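A.B. asks: Just a sequence and a predicted model for now, questions to come.
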Amino acid sequence: MRSSCKLTRKAWYRVDDLIQRWVEQREELSSFYLNMIRRKDHGQEHTPNPAIINTFCECLVDYLSTGHFEIFSELANEALEFGDKHSGLINQLYQSIEQSTDAALTFNDKYDSDKLCERINSDLAMDLKALGHILQSRFKLENILIDTLHNSHRNLVA
């Protein structure tokens, strides 16, 4: 029993570290997004540099990938490990999160390209605004998952 408790504690702290790094990625993505919006709103750069958009798209895809391929499965495993009654929550919210992933990947596919100059001028401001709303909703859902399926176990491993 004691050995199982140590393994659970070690696993929880590993997931906690993973989540902290993912939240830092989210903050970087949000900061990058806000800087792009501010540039457009203040007319500092009428046509954004494609390299800036490309870097933003890379950051976006890295964030989405970490969530999809690491965080969500770790949260589901942790909920099972702790016998959490909320383990079904990840399935309930995952559909909405997946829709936001699809929308963000569509944005990436549209703007992570060498031939985007004409799209930048006509669509970027509108697409960034839509993406911002999608990411804001996604972040709220992710926070629910983190709070319910991870942070709620903090006192069990302390």
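C.D. replies: Sure, I can see it. These numbers come from a predicted model, not from an experiment.
A.B. asks: shaky segments in the protein?
C.D. replies: Within the chain, the ranges that satisfy pLDDT under 70 run 1-7, 39-48, 87, 114-122.
A.B. asks: For it, which segments are assigned as helices?
C.D. replies: 2-41, 50-66, 72-81, 89-111, 117-149, 154-157 (DSSP state H).
A.B. asks: Mean neighbour count for those - can I get that in CSV?
C.D. replies: C-beta here means a position set from N, CA and C on the backbone, and glycine is covered the same way. Putting the helices of the chain into CSV (neighbours: other Cβ atoms under 10 Å) gives the following:
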stretch, mean neighbour count
helix 2-41, 14
helix 50-66, 17
helix 72-81, 18
helix 89-111, 16
helix 117-149, 16
helix 154-157, 11
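A.B. asks: Can you tell me, leaving aside adjacent residues, what's nearest to Glu70?
C.D. replies: Leu18 (6.2 Å; Cβ to Cβ, 6 or more residues apart in numbering).
A.B. asks: so that neighbour makes contact with Ser73?
C.D. replies: No - proximity of Leu18 to Ser73 does not meet the contact threshold set by Cβ atoms under 8 Å, at 10.7 Å.
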